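> sequence? don't have it. structure:
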Ligand code: GAP
């Protein structure tokens with residue numbers, strides 16, 4: 001039997017992964033804290049993301065920037081005018097919900113990108129009423145999702161908490177381009193917080209009001225959008241895509257970049273689509289059938305995109321859920337910043353001898369949704385063992401191994417175990433645990449996602465070997481202490 005969303009939420013709080021923020025005051029909708037294990041897992045995910053995406057190109061760099069930004073940034077980007085969601089309210093009671101989600105849930109018709117008129121039309125057509133008091137619904141309106149802030153004492157300066165990390169690299173572009181010897185493509189990555197006043201925050205960290213994004217903005221020469229030096233190497237790779245034209249069948253079809261190129265998608269875009277799918281398959285072992293690249297149509301695409309595929313993972317209870325996107329934003333943002341700031345964003349590209357505003361390909365990931373997905377897909381309620389097993393990949397799991405003396409009141413065992421722990425600790429993510437029976441400690445380790453349990457028993461004092469227990473198979477093997485580090489590093 002598969003688990004429910006509720007099972008997972010209870011488990012994540014109990015073990016110290018994720019729980020509501022300010023909970024002793026009743027919490028606040030859409031805000032969550034990561035506990036000791038959740039923080040380790042999230043940081044590990046961010047480090048793996050950094051290693052992978054910053055190394056796709058030898059001219060990519062990471063930035064750390066302010067989260068509160070000038071209001072003109074969002075005039076230029078279009079967020080002040082366009083970054084709004086439709087709201088439906090009851091005319092009689094307190095009921096309020098995001099209108100497209102409400103209509104989609106009740107009519108089972110996909111409504112992504114629908115405007116208030118289209119939603120009002122569907123509400124009338126299906127005679128939808130308030131789900132709480134059954135009275136009439138008020139007409140759908142739209143609400144800007146940014147959080148404004150009043151800066152300074154008695155000041156009237158309005159600034160905004162950024163709704164996406166992306167705008168920071170855009171306003172930094174010109175300076176960074178000069179500093180990085182005027183070379184394209186230039187990658188500017190940012191892992192940081194984004195803030196959105198979501199109308200209906202829900203489902204733990206899947207829809208929050210404050211969340212973390214990991215985004216890479218690739219600034220490139222638009223005349224070279226149909227080129228990538230590595231395209232030949234990836235052109236036969238099988239991408240799991242759900243194209244607009246395959247929607248009716250609701251079928252994911254494996255298509256190669258070569259095929260998709262013939263359908264009009266440019267090579268620079270396709271190369272990165274491959275790298276993204278490989279990130280999920282090769283780095284995190286996501287089962288292929290649980291992953292798809294979902295092409296958005298013109299009415300669904302974000303307002304700044306020319307090409308837009310969502311990266312989706314099939315979660316228990318929720319089904320396919322967007323965890324990121326590959327966005328071809330053209331010169332939408334730099335062009336907007338040029339107009340509003342009156343500073344030229346044009347560059348002279350020495351290699352091509354051309355003058356232009358660079359275009360942007362954005363590789364966008366929601367860190368919290370990705371971390372949630374890893375937890376959801378790797379959570380197993382093992383009835384035989386009588387505990388949860390979190391089979392997280394070793395590159396993200398909070399701890400790769402736990403070190404356990406068989407008995408805590410046997411000085412020689414504790415001395416050897418603490419010694420082994422001290423030797424391993426600088427090299428492998430590990431913890432030491434001597435509390436409760438060894439079976440209980442294995443169960444605790446399984447629930448933390450720890451891949452190996454290392455037990456020091458009485459034989460260890462004589463043969464200088466330890467027992468290593470594997471989380472997934474529960475198989476045990478004896479390994480000489482002297483070879484322990486080598487064993488673990490090889491396994492990792
Ligand atoms: N810079 C592009 C951008 O922000 P987006 O599709 O709006 O695009 C990117 O957001 C990713 O951020 C999403 O794919 C999702 O993983 C994550 N995300 C968006 N809204 C979120 C929310 N309210 N809570 C948690 N994650 C969210």
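Received it, and whenever you're ready, just let me know what you need. Keep in mind that what you see is a predicted model, and the values were worked out from it rather than measured.

> ok and the residue in this protein nearest the ligand?
residue 366 (2.1 Å; CB to the nearest ligand atom). The C-beta positions use only the backbone N, C-alpha and C, and glycine is treated the same way.

> so that residue makes contact with residue 323?
Yes - using CB atoms under 8 Å, residue 366 is in contact with residue 323, at 5.8 Å.

> one step back: give the contact list for the residue of the chain closest to the ligand.
211, 212, 213, 322, 323, 324 (CB atoms under 8 Å, 6 or more residues apart in numbering).

> switch the cut-off to 10 Å
The neighbours of residue 366, taking CB atoms under 10 Å, 6 or more residues apart in numbering as the test, are 194, 205-208, 211-215, 311, 321-325, 372-373.

> now do it, the pLDDT please.
pLDDT, residue 366: 98.

> what are the phi and psi values for it?
phi -90, psi 110 (degrees, to the nearest 10).

> could you do residue 16 as well?
Dihedral pair for residue 16: phi 90, psi 30, per degrees, to the nearest 10.

> get me the contact residues on the stretch 51-200 of the chain for the ligand.
164, 166, 196, 198 (CB under 6 Å from any ligand atom).

> on that earlier part again, the residue of the chain closest to the ligand bridge partners, please.
residue 213 (DSSP bridges).

> what are the ranges of the strands in the stretch 201-350 of the chain?
210-220, 239-242, 253-255, 291-295, 307-315, 319-330, 347-349 (DSSP state E, counting those that start in this stretch).

> make a ChimeraX selection of the buried ones in the contacts of residue 366.
In ChimeraX, the members of the contacts of residue 366 classed as buried (16 or more other CB atoms under 10 Å) are selected with the following command:
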select :194,205,206,207,208,211,212,213,214,215,311,321,323,324,325,372,373
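
> so what's the residue count around residue 247?
When neighbours are counted by other CB atoms under 10 Å, residue 247 registers 13.

> state the pLDDT value of it.
91.

> give the contact list for it.
110, 294, 295, 297.

> distance of it from residue 273?
Plainly put, residue 247 is 18 Å away from residue 273 if you go by CB to CB, to the nearest Å.

> tell me the domain ranges of this structure?
With domains defined by automatic domain parsing, the chain comprises 5-83+145-377, 85-140, 399-491.

> save those as JSON lines, and put in distance to residue 387 too.
What follows is the domains of the chain, written out as JSON lines (distance: least, CB to CB, whole Å):
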{"stretch": "domain 5-83+145-377", "distance to residue 387": "10"}
{"stretch": "domain 85-140", "distance to residue 387": "35"}
{"stretch": "domain 399-491", "distance to residue 387": "4"}
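
> of those, which is nearest residue 389?
Of all these, domain 399-491 sits nearest to residue 389, with 4.5 Å by CB to CB.

> what about that closest one, how long is it end to end?
14 Å (CA to CA, to the nearest Å).

> next one: stretch 238-246
This stretch, stretch 238-246, spans 16 Å end to end (CA to CA).

> show the contacting residues for residue 270.
226, 228, 231, 234-235, 237, 239, 256-261, 307, 326.

> tell me how far it lies from residue 407.
59 Å.

> isn't residue 346 right up against residue 174?
Yes - under the criterion of CB atoms under 10 Å, residue 346 makes contact with residue 174 at 9.4 Å.

> ok, stretch 15-27 near the ligand or not?
No - taking CB under 6 Å from any ligand atom as the criterion, stretch 15-27 and the ligand are apart, separated by no less than 12.1 Å.

> so what touches that stretch?
So stretch 15-27 is contacted by 8-13, 28-42, 204-205, 208, 210, 368, 371-372, 375, 388, 390, 398, 444, 447-449 (CB under 10 Å, 6+ apart).

> low pLDDT regions in this protein?
1 (pLDDT under 70).

> so residue 97, which state does it fall into?
Under the three-state scheme (DSSP: H, G, I helix; E, B strand; the rest coil), residue 97 adopts strand.

> got the buried residues for stretch 231-251?
Neighbour counts over stretch 231-251 (16+ other CB under 10 Å) mark 231, 234, 235, 237, 239, 240, 241, 242, 243 as buried.

> longest helix in this structure, by residue count?
helix 36-54 (DSSP state H).

> what inclination does that one have with respect to strand 210-220?
Between the axes of helix 36-54 and strand 210-220, defined by axes from the mean of the first three to the mean of the last three CA atoms, to 10 degrees, the angle is 10 degrees.

> how many other residues sit next to residue 83?
Residue 83 has 18 neighbouring residues, counting by other CB under 10 Å.

> pull the contacting residues for the closest residue to residue 373 other than its chain neighbours.
Setting aside the residues directly before and after it, residue 373 is nearest to residue 313 in space (CB to CB, 6 or more residues apart in numbering), at 4.6 Å. Residue 313 is in contact with 280, 284, 286-287, 290-292, 319-324, 369-370, 372-374, 376-377, counting by CB under 10 Å, 6+ apart.

> element containing residue 413, please.
Taking DSSP states H and E as the definition, residue 413 sits inside helix 411-424.

> neighbouring contacts of that helix?
By CB under 10 Å, 6+ apart, the residues outside helix 411-424 that reach it are 400-408, 410, 430-434, 454-458, 460-461, 464, 466, 481, 484-485, 488.

> name the nearest residue to residue 447, ignoring sequence neighbours.
residue 388 (5.0 Å).

> which bits of the stretch 351-492 of the chain sit near the ligand?
Applying CB under 6 Å from any ligand atom, one finds that the stretch 351-492 of the chain approaches the ligand through 362, 364, 366, 368, 369.

> from these, pick the one nearest residue 383.
Closest approach to residue 383 among those (CB to CB): residue 369, at 28.9 Å.

> which element is that closest one on?
Residue 369 belongs to helix 367-377, assigned by DSSP H and E.

> list the helices and strands that helix packs on?
helix 5-15, strand 18-20, strand 32-34, helix 36-54, strand 186-195, strand 210-220, strand 307-315, strand 319-330 (3 or more CB pairs under 10 Å, 6 or more residues apart in numbering; DSSP states H and E).

> next, the residues that contact the next helix-or-strand element following that helix from outside, please.
Later in the chain than helix 367-377, the nearest helix or strand by DSSP H and E is strand 379-382. Here strand 379-382 makes contact (CB under 10 Å, 6+ apart) with 1-3, 7-8, 11-12, 316, 387-392, 443, 446-447, 449, 472, 474.

> what comes up buried for strand 379-382?
Quick answer for strand 379-382 (16+ other CB under 10 Å): 379, 380.

> got it, and stretch 182-191?
184, 185, 186, 187, 188, 189, 190, 191.

> ok, stretch 433-442 next?
Neighbour counts over stretch 433-442 (16+ other CB under 10 Å) mark 433, 434, 438, 441, 442 as buried.
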